[in-house]
Structure formats: C-alpha cells, structure tokens
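Asker: What follows is a predicted structure for the sequence shown.
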Amino acid sequence: MAPESPSNHILIVDDDAQIRRMLRRMFEGEGYEVSEASGAKDARSTIAGGGIDLITLDLNLGGEDGLVFARELRERSRIPIVMITGKGDMIDRVVGLEMGADDYISKPFHLREVLARIRSVLRRSLAAAGSQAAEVRPGDRYRFAGWTLDTTARELLSGQGGRCDLTSGEFDLLALFVQRPGRVLTRDQIMDVMKGHDWNPNDRTIDNQIVRLRKKIEADPKDPRIIKTVRGAGYTFAVAVSQA
C-alpha cells in the first residue's frame, strides 16, 4: 500500500525509547518523515521548528503531565494529536479527548491498528482543512506561474488579465492546490476533500479534472510544470505561490 503522503511529518512524544524506535521504524517504512521527543521540552522545540503534521503523545512523560501538555498544544495549534498511552481507563480516555486529542490508543497496541488510526486522523485533518480551501475566503488572490486565482470572482486570470474559464470542480481543485504548494497530496486525500467519503475507489473524477486543468494552465500539458505527478504517491503543486 502506498504511504498516505511522503511529506507527512509525524512527531513521536514518548519517554520510552523502545516504543519510539518501534513506531519510528513502522512510520518510516510507510514513507512518513519522523521526529522523536522524550518529553514535552524537546517536543516544544521540535514543534516550534514547524512542519509537523501529526503528534503521537504518551501521557506518562515523566516530569510533566501529558494531559497538561496536550491542552497546551491544543490552545496554540490545530496539529492533530493521537494519544498512545498506558493509561487505559475510560476516565483517562474521556479526559484525553476533551483536552483536544483526535484519537486515543491504549498500550499494548497492534502496530497495524496504530497505522490505520494515524492515516484516518491525517485524512480527516486534510479534509477539514481542504473544505476551507474549497470555500476560500472572498478577497484572497493567489498568484503562481503568471496566473492569479481570484476567490472573490471565483475566476482564474492570466498575466494579461484574460479570464480562463474553470468549472466549479476545477476551481475548487486548484484552490486546494494553491493553498498547499509543495505538498504531495494522494488521490485518496483529494477525493476525500472534494467529494467526502461517498466515492468509489475506481472513480477517476479527480484524475480527469487534473488532466483538464493542466490543459488550461500548463504551457505543455504533456510535460506539466505546475501540477506534477509524484509516481506512486499522488500530485504536487510544484510552483511558488504568493497571496496578493
């Protein structure tokens, strides 16, 4: 199975080095980028550097309460948190979720279950963010490769001011990409954002929309420079984007 996205960066926060090594080995084997922290202090430093897409968090950190750290994280960011902990009591689970955790896994655990939960949370996170991309705020203008995406008029303008006609689906797809330049988006992730979970795995709608969109914005649709295919992974918006 292809990894969810090679660009997804997971931070493992656990004071047990063996658990960290085991999770790292599995995540890296699936194509994820991985960082480790043995406690809250190291975790804060890593998070401050940016680029973290999901955090797995043990509640027994030794020296600092994991629940307090989870609450601090949730107050400052929307990075998804999956608690992986030996605290399996129902009260701890409820409190953890109330503190802002996106999922809660009790030790001992099966690695394949952890991977499935991580993938699910990442997909939900992208879908939630993507729904905002599909309904971009009026007034936002995104410039890339000589084009301007005007979200007030929901139109695409060339460098000379000419209008490029887009369908509603093409506009939403382009809006999703311009808000995530450089990130690899799998076909499944795009489908979840664009169509929710009501789709057939054999549905080629997204692929067909990308083909049509390339014909409209690429100098050479057969050798795309803006929306590139990442073999075995998905698609990436490969040019710089700025907001006007």
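Answerer: Structure's in. What do you need?
Asker: Would you mind giving the domain segments of this structure?
Answerer: Residue ranges of the domains in the chain are recorded as 9-130, 136-243, according to automatic domain parsing.
Asker: Now mean pLDDT too, for those, in JSON lines please.
Answerer: Compiled in JSON lines, the domains of the chain are given as follows (pLDDT from 0 to 100):
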{"stretch": "domain 9-130", "mean pLDDT": "83"}
{"stretch": "domain 136-243", "mean pLDDT": "83"}
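Asker: Can I get those in JSON lines including mean neighbour count?
Answerer: Heads up, the C-betas are built off the backbone N, CA and C, glycines and all. Formatted as JSON lines, the entries for those read as follows, by neighbours: other CB atoms under 10 Å:
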{"stretch": "domain 9-130", "mean neighbour count": "17"}
{"stretch": "domain 136-243", "mean neighbour count": "16"}
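Asker: mind listing what the one helix or strand residue 11 maps to pairs with, with the direction of each?
Answerer: Following DSSP states H and E, one finds residue 11 within strand 9-13. Counting by DSSP bridges, the strands paired with strand 9-13 are strand 33-37 (parallel), strand 54-57 (parallel).
Asker: Touching the first one from outside, list them.
Answerer: Think strand 33-37. Contacts of strand 33-37 with the rest of the structure, by CB atoms under 8 Å, 6 or more residues apart in numbering, involve 6-14, 20, 23-24, 27-28, 43, 45-46, 52.
Asker: Verify the stated contact: residue 155 with residue 163.
Answerer: Yes - proximity of residue 155 to residue 163 meets the contact threshold set by CB atoms under 8 Å, at 5.6 Å.
Asker: re earlier: now the strands paired with strand 9-13 as TSV including distance to residue 117?
Answerer: Compiled in TSV, the strands paired with strand 9-13 are given as follows (distance: least, CB to CB, whole Å):
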stretch	distance to residue 117
strand 33-37	16
strand 54-57	10
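Asker: Can you say which of those is nearest to residue 179?
Answerer: Judged by CB to CB, the one of the strands paired with strand 9-13 that comes nearest to residue 179 is strand 54-57, at 18.6 Å.
Asker: From the contact counts, what lies against the helix or strand following the closest one?
Answerer: From strand 54-57 onward toward the C-terminus, using DSSP H and E, the following helix or strand is helix 66-76. Using 3 or more CB pairs under 8 Å, 6 or more residues apart in numbering; DSSP states H and E, the elements in contact with helix 66-76 are helix 40-48, strand 54-57, strand 81-85, helix 90-98.
Asker: Put the alpha carbons of helix 66-76 into CSV.
Answerer: Presented in CSV, the C-alpha positions along helix 66-76 are these (Å, rounded to 0.1, in the frame of the first residue of the first chain):
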residue,chain,number,x,y,z
GLY,A,66,0.9,14.6,29.2
LEU,A,67,-2.7,15.8,29.5
VAL,A,68,-1.5,19.3,30.5
PHE,A,69,0.9,19.3,27.5
ALA,A,70,-2.0,18.2,25.2
ARG,A,71,-4.1,21.1,26.5
GLU,A,72,-1.3,23.5,25.9
LEU,A,73,-0.8,22.1,22.3
ARG,A,74,-4.5,22.5,21.5
GLU,A,75,-4.6,26.0,22.8
ARG,A,76,-1.7,27.0,20.5
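Asker: Tell me how far the residue located most distally from the centre of the chain lies from residue 26.
Answerer: Taking CA atoms, centre = their mean as the measure, the residue most remote from the mean C-alpha position of the chain is residue 160, 34.0 Å away. Using CB to CB, to the nearest Å, one obtains 51 Å as the distance from residue 160 to residue 26.
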